[in-house]
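1. Make a model of this:
(chains A and B)
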Amino acid sequence: MNRHKQLIAYVLVIILMLIGGGLRFYQIAENPPGLNIDEVAFGYNAYSILKTGRDEYGKWLPLSFRSVGDYKNPVPVYLMSLSVRFFGLNEFAVRFPNAFIGTLSIFVFFALFFKLTKSFTLATIGAALTAFSPWHIYYSRYAYEGLIATTCLSLGIFCLFNVLVGRKLFILPAAIFLALAPYTYYSTRLITPLLVGAFLFINHKQINKNNFWPLLISLSTTILLVSPLIWSIFFGPDATRANMVFLGNDVEYTRLINLNHLIPLRQSILDLPNFAPVLDGISLSLFWFKRYINYLQPDFLFLSGLNMTSSGSFGLGLMYFFEIPFFIFGLISLIRKRIANSALIVSWLLIGLLPASLANNEQHAGRSLVILPMLVLVSSFGLFKFLHFLLEVKRFWIKSIFTLAVSGVILLSWIHALVVFSVHFPVEKSEAFMYGSKEAALYIKENADKYREVVFDPVRGADGPYIVSVPYLYTLFYLQVDPAKYQAAQKIDSQDTFGFDKYVFRPIDWRSDRYKKGVLFIGSPWRIPLQDLDGVNVLKKIYLKDGRLAYLIVTPL
Amino acid sequence: MKKVDLLLIVLIFCFSYLTYLRIQLWLGRIDFIQPTIFATDLLSIPFSFDKNVVLTAGLFNLAYLFYMGNLWFKNYYRYFPVLFYCSSPWVAYLLAASSFYIVLLSFTLLISLGFRYMTKEKSIRLTGNLKSTKKAYVGLLIVLLALAAGSYLYIYFILISIFFFVWLKIFKLVDFKLFAALFLSFICLISPLILGVVSNPQALKNVVINQSTISQDVGLVNSVNQFLGEASVSPLSSVARLTENRYLYIGKYLLVNLVKHFAPATFFTYERQIFGFSFLPLIFIGWAPFLICGVWSFFSQGSNKKYIILFSIFLIPSLLSLNSPNIARLLLIFPGLIGLVVLGINRISDEQTFKRKILIFFSLVLILAQSIFSYYQVSYFENVRLLKYLGDNSQIRIQ
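-> Got it, this is the predicted structure:
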């Protein structure tokens, strides 16, 4: 019977992976509507590694990729270099690793859920919810390292469970996956040790002479593998990044809560300057607490957490709307300890939110991606209980009404998700995905020969100059500039200006630039005013998907 | 009463009063526009509660909680309900603003007292043994009177009363004869109101429109229109019509708002800012262990459906307001929160282990620390925030 159940479960999971794969790969190059800044940086660095073994700055096989304003993790870049090798330097190659790992993770989560709950039915429901999860689909459709890290971490914990029951075959995979997670994503550098610690603490009674050494070997290997990161975490780029994104720098905190501009006044009133840091500490702790539990806000979870539509509208949350009752039932079951391994599930949820809550922005679906498997599991348990209840109902009409009502709500939720993904998201978020940069770069590719210089303004924005983009990376990416030549090229690199060859990336000053003949200018209407185009050849206007003007391509006559 | 008990009460009271006075000091210049009273609204007579009535209601709540604390606990835990009330910035601000929701809180506390007596009996019968069900009858009477009196003040109390009767019937707490008698008595008690409504239906319509502020949410309508516009030019336009419509959106909005009422962020953080500017939470985090244990204990009990539904009835006013949860209207569920705290204390204190003593000690330290911190915030920060929020305006509407 159990074997039969197992077989059905595996067949179902394979079907779910096929459907899930379809949802993740369908029109992946076109939707999201453009490569964002991180994707294009990942893509060109992967290309550079593939061709030269060096990153865009010429560093040989780095463990931390210097980028614009931050440092990128190595695993996504090296993975992407493989897909660039097979598919060439294009949008599909950049997004392929995430979509592929996203599809595979349906099975990974199924295995983990089975390990945690010992129920094939529950694990299959979990796999189904993962396959259709808007949160999971969204982050599988573009290059976002959090999804890869979550899969690695889940695999690591799955393998560790196996090591715990004495399966020595899993010693090395556990070490590798647990080490890969911190190399993939910043958050997992904090989460992995804490979660492994919680795992050992919760299961300490099961540790005996049979599994002690395998566990020790596995975890020691992990530590050895991540040791190069330790310097980086405490003294290197990680520390710089951590300081940069730390909660204490949050605008809401400094301006509204701590009222930093009042510090001198506050100290003079209190006349207890030594007491002020204590009060500031309490204030920051309370602010952190708010950020932490805000991740459990229903509108974030079920209404608009994915930020796929303009703020305040009904977009998509991390989970479907129909999951609300299931999630609540699941939570209650978790409280009542009706779910096996509930301590680990709770620990995963609590630890998983720590790094995200310590960062200086509001709730971020990507930063909280690590808790996805556990949220799905909690929701699955509620759905499992509901199905159980349905099976037990004896009256046919009650059963039919419940089935129809729930199916109807599920269907409506899926239709809404389909409409959001295919209609609203590309229209409302085209600017966030730098729509227009590709079109501009492709224009340069076709026409650069006609000009002595190409000037591309990095500041854009349809409603105001509020986005600092990286046009040089879009140019490198879409012109497929040879990385070896780019690394060797002489570059202009001053405060506002960056350039190589004939390409210059700087703010356009239209008062003087409008007289420079033979130069191609690409900039937003904030830099090339529409009302000031006399004596200028307007070569192309690039519009966002919602019809607002993104770029003007002009040359003075 | 022991001297130490008295000292504790005086300390708690003084501290909360001091904070209240501080808030009062700079909230004094604000003109708080209070919700009007239902009965006088029907008669088109402008009337709102005097500051002293609200203060008296506040003191009544304090005394009531002290009395209940003594009923619930025999040791020093008896002060916890009072402490919970006094240490809440939520109550302090509404008191300082002379909000009439403090008066309504007194009514809901009375209802909870009646409910406590009522549920002593599994089912109350009109023809049963009066001696054994005496307390249950007293309970029913208190609930009935409080609901009727509350209905004169607040339109939502009528809705709450209707739901209460449905609740009585569904859970069969009373037999049919008693149910009929209760319902008729309630109708008799509110008959002047019914007469007022019948003679002036337009006034009722106006009150409903004013109170149910959810219908005033322009953003919701705009959101639907924008989505419909975007979908209309796509190949999915016909499918989109199924999901992108006002009714589904309002349904979703209401459900999410309902869930928000149970979210920890609503109570323990400034997520729902008091009067739109304060950065103090509704309840101090130190109470979280008690509330969590209370919730734990609540869900560990077998049959808790009826309590959940009763608790939810009092959420209706807040649920139907714009920017729900509305913290002023949410005050009506305060007795439910106290119930959870009491359950939590019971759970923590049923075993006097070292860990649990530490937990209680840690919670009390947190409450104390946050009280001092809040006092400091009220003294030096809140005023600045208020000025920033209000600008030249000097009115705050409490809906």
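
2. Do a quick rundown of the helices in the stretch 251-399 of chain B.
-> Remark: helices assigned in the stretch 251-399 of chain B by DSSP state H, counting those that start in this stretch are B:264-268, B:288-300, B:305-313, B:316-319, B:327-330, B:334-349, B:354-380, B:382-390.

3. ugh, wrong one, the stretch 101-250 of chain A
-> A:120-132, A:134-140, A:145-164, A:171-184, A:187-202, A:212-234, A:237-245.

4. Now the phi/psi pair for B:Ser99, please.
-> Main-chain torsions, B:Ser99, degrees, to the nearest 10: phi -70, psi 140.

5. And the closest residue to it other than its chain neighbours, how far from B:Arg329?
-> Nearest residue to B:Ser99 in three dimensions, chain neighbours excluded: B:Ile398, at 5.5 Å (CB to CB, 6 or more residues apart in numbering or on different chains). For the C-beta atoms, the positions are set from N, CA and C on the backbone; glycine is no exception. Note on B:Ile398: its distance to B:Arg329, by CB to CB, to the nearest Å, is 9 Å.

6. Equivalent analysis for A:Leu225, please.
-> As judged by CB to CB, A:Leu225 and B:Arg329 stand 56 Å apart.

7. Settle it for me: which of those two has more neighbours?
-> Legend: neighbour count by other CB atoms under 10 Å in any protein chain shown for A:Leu225 and B:Arg329, higher for B:Arg329 (26 against 16).

8. what about stretch B:69-88, how long is it end to end?
-> Terminal residues of stretch B:69-88 lie 17 Å apart, using CA to CA, to the nearest Å.

9. in the chain, which segments are predicted with low confidence?
-> Picking chain A for this. Residues of chain A meeting the criterion pLDDT under 70: A:1, A:237, A:260-275, A:311-312.

10. not what I meant, chain B
-> In the predicted model, chain B carries pLDDT under 70 at residues B:1-19, B:21-22, B:24-26, B:120-132, B:211-217, B:301-305, B:399.

11. picking that back up, just name the most buried of the helices of the stretch 251-399 of chain B.
-> A comparison of these by mean neighbour count, using mean count of other CB atoms under 10 Å in any protein chain shown, puts helix B:327-330 on top with a mean of 25.

12. wait, isn't A:Asn203 in contact with A:Leu164?
-> Yes - shown here, A:Asn203 and A:Leu164 form a contact pair, counting by CB atoms under 8 Å, at 6.0 Å.

13. what's the nearest residue to B:Phe334 if we skip its chain neighbours?
-> Closest to B:Phe334 by CB to CB, 6+ apart is B:Leu105, at 5.7 Å.

14. circling back to that earlier point, name the residue in A:Asn203 and A:Leu164 with the higher neighbour count.
-> Taking other CB under 10 Å, A:Asn203 and A:Leu164 do not tie; A:Leu164 has more neighbours (22 against 17).

15. give me phi/psi at the nearest residue to the more buried one once chain neighbours are set aside?
-> With sequence-adjacent residues excluded and distances taken as CB to CB, 6+ apart, A:Leu164 is closest to A:Asn211, at 5.5 Å. Here is the backbone geometry of A:Asn211 (degrees, to the nearest 10): phi -110, psi 0.

16. Please verify my assumption that A:Asn211 contacts A:Phe161.
-> No - using CB under 8 Å, A:Asn211 is not in contact with A:Phe161, being 10.7 Å away.

17. Neighbours of residue 104, how many?
-> By default, I'm working from chain A. A:Leu104: 15 surrounding residues under other CB under 10 Å.

18. wrong one, chain B
-> Neighbours of B:Leu104 using other CB under 10 Å come to 24.

19. After the helix or strand containing it, which helix or strand is next? Please name it.
-> Using DSSP states H and E, B:Leu104 falls within helix B:101-118. Moving toward the C-terminus from helix B:101-118, the next helix or strand (DSSP H and E) is helix B:134-153.

20. From the chain's centroid, how far away is that following helix?
-> Averaged C-alpha coordinates place helix B:134-153 at 18 Å from its chain's average position (CA atoms, centre = their mean, to the nearest Å).

21. if we can go back for a sec, quick one, which of the helices of the stretch 101-250 of chain A is nearest to B:Arg356?
-> Nearest to B:Arg356 among the helices of the stretch 101-250 of chain A is helix A:187-202 (20.2 Å), distances taken as CB to CB.

22. Which residues belonging to that closest one are considered buried?
-> A:187-196, A:198-199 (16 or more other CB atoms under 10 Å in any protein chain shown).

23. Now for B:Ile398 and B:Arg329: what residues contact both?
-> Applying CB atoms under 8 Å, 6 or more residues apart in numbering or on different chains, one finds that B:Ile398 and B:Arg329 are jointly contacted by B:Tyr101.

24. Please report phi then psi for the residue lying farthest from the centre of chain B.
-> Most distant residue from the mean C-alpha position of chain B: B:Pro235, 47.4 Å away (CA atoms, centre = their mean). The phi/psi pair for B:Pro235 (degrees, to the nearest 10) reads phi -70, psi -10.

25. quick one: it and A:Val419, what's the gap?
-> Separation of B:Pro235 from A:Val419 (CB to CB) stands at 11 Å.

26. Could you do A:Thr309 as well?
-> 10 Å.

27. Check the offset of stretch A:150-170 from the chain's centre.
-> Its chain's C-alpha centre and that of stretch A:150-170 lie 24 Å apart, by CA atoms, centre = their mean.

28. and what of stretch A:226-245?
-> Here the centre of stretch A:226-245 is set off from its chain's centre by 20 Å, with CA atoms, centre = their mean.

29. Any buried residues in that stretch, and which?
-> For stretch A:226-245, burial by neighbour count (16+ other CB under 10 Å) applies to A:226, A:229, A:232-233, A:236-238, A:241-242, A:245.

30. still on that earlier bit, ok, the residue farthest from the centre of chain B to A:Ser313 distance?
-> Counting by CB to CB, the separation of B:Pro235 from A:Ser313 is 21 Å.

31. Of all the helices of the stretch 101-250 of chain A, which one is nearest B:Thr266?
-> It's helix A:134-140; of the helices of the stretch 101-250 of chain A, that one is closest to B:Thr266 (CB to CB) at 22.9 Å.

32. Whether the closest one contacts chain B - can you check?
-> No - using CB under 8 Å from any CB of the partner chain, helix A:134-140 never reaches chain B; the gap is at least 13.6 Å.

33. what's that helix packed up against?
-> Under the contact definition 3 or more CB pairs under 8 Å, 6 or more residues apart in numbering or on different chains; DSSP states H and E, helix A:134-140 sits against helix A:2-25, helix A:91-117, helix A:145-164, helix A:372-392.

34. at 10 Å what do you get?
-> helix A:2-25, helix A:91-117, helix A:120-132, helix A:145-164, helix A:372-392, helix A:396-419 (3 or more CB pairs under 10 Å, 6 or more residues apart in numbering or on different chains; DSSP states H and E).

35. intersection of neighbour lists for A:Asn211 and A:Phe161?
-> Common neighbours of A:Asn211 and A:Phe161, using CB atoms under 10 Å, 6 or more residues apart in numbering or on different chains, are A:167, A:203.
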